[in-house]
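In: Next input, structure requested:
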Amino acid sequence: MRALDLVHDTIKKYVKAGSICIDATMGRGYDTAYLASLAGDSGKVIAFDIQKSALDSTSSLLKEKGYENVELILDSHANMAKYATDESVDCIVFNLGYLPNGDHTIYTHADSTIEAITSGLKILKKGGLMCVSIYYGGDSGYEEKDALLPFLKNLDDEKYQVIMASFFNWKNDPPIPVFILKN
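Out: Purely as a prediction, here's the structure:
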């Protein structure tokens, strides 16, 4: 099983036709398209990235697949609360790190990611799901991982359940999928 399979299998349990979803880090658009397929024409996906090339890739993929229920936003995920009201979103997805096949000098950072998670938790519905996949290997991400894990561990357990998956025997730097459920 890949980390992506685990995340998508979990998302499928929370996102139904009519859901409102956010892809906080659209990248090449694969999660955006997946969320759009689950939310259907009656739902909506709002996807963020700071790189125009990510927006262009995602736009092409969505056109190819025929999804029109998506709004692509060239902005930081830290600003997502400007685009949705409190407790209105069913699912929020993050893939941290850098844009696949992109510029490795541009990547997510702990400060904006923590700000984005904090904002996201406000706009997430009760019973909603946030998935944070932490990719930290290579030339970026260790600082972000080292800041995020204590932050996530200290989320109020009266309000959130935080479940962290570990590919315990994988070599090198396996991704860390984290699931946050809002009580």
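In: in the protein, what spans have low per-residue confidence?
Out: 98-99, 101-102, 104-105, 138-140 (pLDDT under 70).
In: Mind doing that once more with 80?
Out: 98-107, 137-141 (pLDDT under 80).
In: And the strands in the protein?
Out: Counting by DSSP state E, residue ranges of the strands within the chain are 20-23, 44-49, 70-74, 89-95, 124-134, 160-164, 176-182.
In: Strand partners (parallel or antiparallel) of the shortest one?
Out: Same thing as strand 20-23. Note on strand 20-23: by DSSP bridges, its sheet partners are strand 44-49 (parallel), strand 89-95 (parallel).
In: Tell me which of those strands sits nearest to residue 60.
Out: strand 44-49 (13.3 Å; CB to CB). Yep, even glycine has a C-beta here, placed from its N, CA and C like the rest.
In: Residue 5 is nearest to which of the strands of the chain?
Out: Residue 5 lies closest, by CB to CB, to one member of those: strand 176-182, at 10.0 Å.
In: ok, and what's touching that closest one?
Out: Strand 176-182 is contacted by residues 3, 6-7, 10, 117, 121, 124-134, 136, 145, 149, 152, 155, 159-166 when judged by CB atoms under 8 Å, 6 or more residues apart in numbering.
In: redo that, cut-off 6 Å
Out: Residues from elsewhere that reach strand 176-182 (CB atoms under 6 Å, 6 or more residues apart in numbering): 3, 6-7, 10, 124, 126, 128-134, 152, 160-165.
In: can you give me the helices for this protein?
Out: Per DSSP state H, the chain carries helices over the ranges 3-12, 30-39, 52-65, 110-123, 142-153.
In: Would you reformat the ones you listed as TSV and include distance to residue 94?
Out: Output for the helices of the chain, formatted as TSV (distance: least, CB to CB, whole Å):
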stretch	distance to residue 94
helix 3-12	10
helix 30-39	9
helix 52-65	14
helix 110-123	7
helix 142-153	10
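In: Mind checking these for the one nearest to residue 45?
Out: helix 30-39 (4.6 Å).
In: tell me which residues in that closest one are buried?
Out: Across helix 30-39, burial judged by 16 or more other CB atoms under 10 Å covers 30, 31, 32, 33, 34, 35, 36, 38, 39.
In: Now tabulate these in CSV and tack on distance to residue 65.
Out: Converted to CSV, the buried residues of helix 30-39 look like this (distance: CB to CB, whole Å):
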residue, distance to residue 65
30, 10
31, 13
32, 10
33, 6
34, 10
35, 12
36, 8
38, 13
39, 13
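In: Residue 39 and residue 172: what is the separation?
Out: 34 Å (CB to CB, to the nearest Å).
In: again, but for residue 57
Out: 26 Å.
In: Could you do residue 60 as well?
Out: Distance from residue 60 to residue 172, counting by CB to CB: 31 Å.
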